[in-house]
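S.K.: Here's a sequence, model it:
(one chain, ligands or ions: 2)
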Amino acid sequence: MYAQAIHKLAMDIACKLAQGMGLASFSFEGWPCKFRINKYNFSPETVNYSGVQIHTDSGFLTILQEDENVGGLEVMDKSGTFVAVEPLPGTLLVNLGDTAKVWSNGRLCNVKHRVVCKEPRTRMSIASFLLGPKEAKVEAPAELVDSSHPRLYVPFFYLDYRNLRISKELQAGEALDFVRANSEKEHVPKLNKRKD
Ligand SMILES: O=C(O)CCC(=O)C(=O)O
Ligand SMILES: [Fe+2]
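M.R.: Numbering: from 1, shown residues only. Ligands and ions are numbered 1, 2, ... in the order given. Just a heads-up that it's a prediction; the model follows:
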């Protein structure tokens, strides 16, 4: 089954990322996946218009199966320039989200991206998101925190953070400012407390 295979792949990639950071025994058990099939009804009227506005993904990592024929995905590079991702049949594309940035204590980058209508053809994509832990808080493991790498973000529940992004309408990673450690913004304590 596609969903099972992609979930396993997402877990494998996450484990390899953790291994690469010296955390060979870190487990992503209990980090759920969510799947979304995107259909863009692009037409002559929508050419050059936005299909999906600039955003980061809120979870840990995303595996994108892009349309094999119709491009449109653009990824922002370090200089702030959008780079088009051309369709490449037989490949999957992986990008990291806000949760990866927090979990890695700022070492991994949450990539900004968007979809633009390039041509008047229907475009499909499948996005598979490895989100944040369901029961535990999102936080950098102790191994990634020391005096030269102080903890950058206060631990939070993934769902609270996702709701914060939605309520503040900050979809491109700016909501991370609200969970920054030593933030002078007042809203950190206002992250909704979970009832359980
Ligand atoms: O359709 C795409 O290529 C990207 C979709 C996307 O960024 C998303 O669903 O978060
Ligand atoms: Fe996305």
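
S.K.: going forward, measure contacts and count neighbours with C-alpha atoms only.
M.R.: OK.

S.K.: So what does the residue lying farthest from the centre of the chain look like in phi/psi?
M.R.: Relative to the centre of the chain, the most outlying C-alpha is that of Pro44, 30.6 Å out, by CA atoms, centre = their mean. Backbone dihedrals for Pro44, given as degrees, to the nearest 10, come out at phi -60, psi -30.

S.K.: same thing with Lys168?
M.R.: phi -90, psi -10.

S.K.: all strands of the chain, in order?
M.R.: All strands of the chain, identified by DSSP state E, fall at 33-41, 50-55, 61-65, 73-76, 82-84, 93-96, 113-116, 122-130.

S.K.: Could I get those in JSON lines, plus columns for mean pLDDT, distance to ligand 1 and mean neighbour count?
M.R.: As requested, the strands of the chain are exported to JSON lines (pLDDT from 0 to 100; distance: least, CA to the nearest ligand atom, whole Å; neighbours: other CA atoms under 10 Å):
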{"stretch": "strand 33-41", "mean pLDDT": "96", "distance to ligand 1": "6", "mean neighbour count": "14"}
{"stretch": "strand 50-55", "mean pLDDT": "96", "distance to ligand 1": "7", "mean neighbour count": "16"}
{"stretch": "strand 61-65", "mean pLDDT": "98", "distance to ligand 1": "7", "mean neighbour count": "22"}
{"stretch": "strand 73-76", "mean pLDDT": "98", "distance to ligand 1": "5", "mean neighbour count": "19"}
{"stretch": "strand 82-84", "mean pLDDT": "98", "distance to ligand 1": "11", "mean neighbour count": "14"}
{"stretch": "strand 93-96", "mean pLDDT": "98", "distance to ligand 1": "9", "mean neighbour count": "17"}
{"stretch": "strand 113-116", "mean pLDDT": "98", "distance to ligand 1": "6", "mean neighbour count": "21"}
{"stretch": "strand 122-130", "mean pLDDT": "98", "distance to ligand 1": "5", "mean neighbour count": "20"}
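
S.K.: Thank you kindly, that will do.
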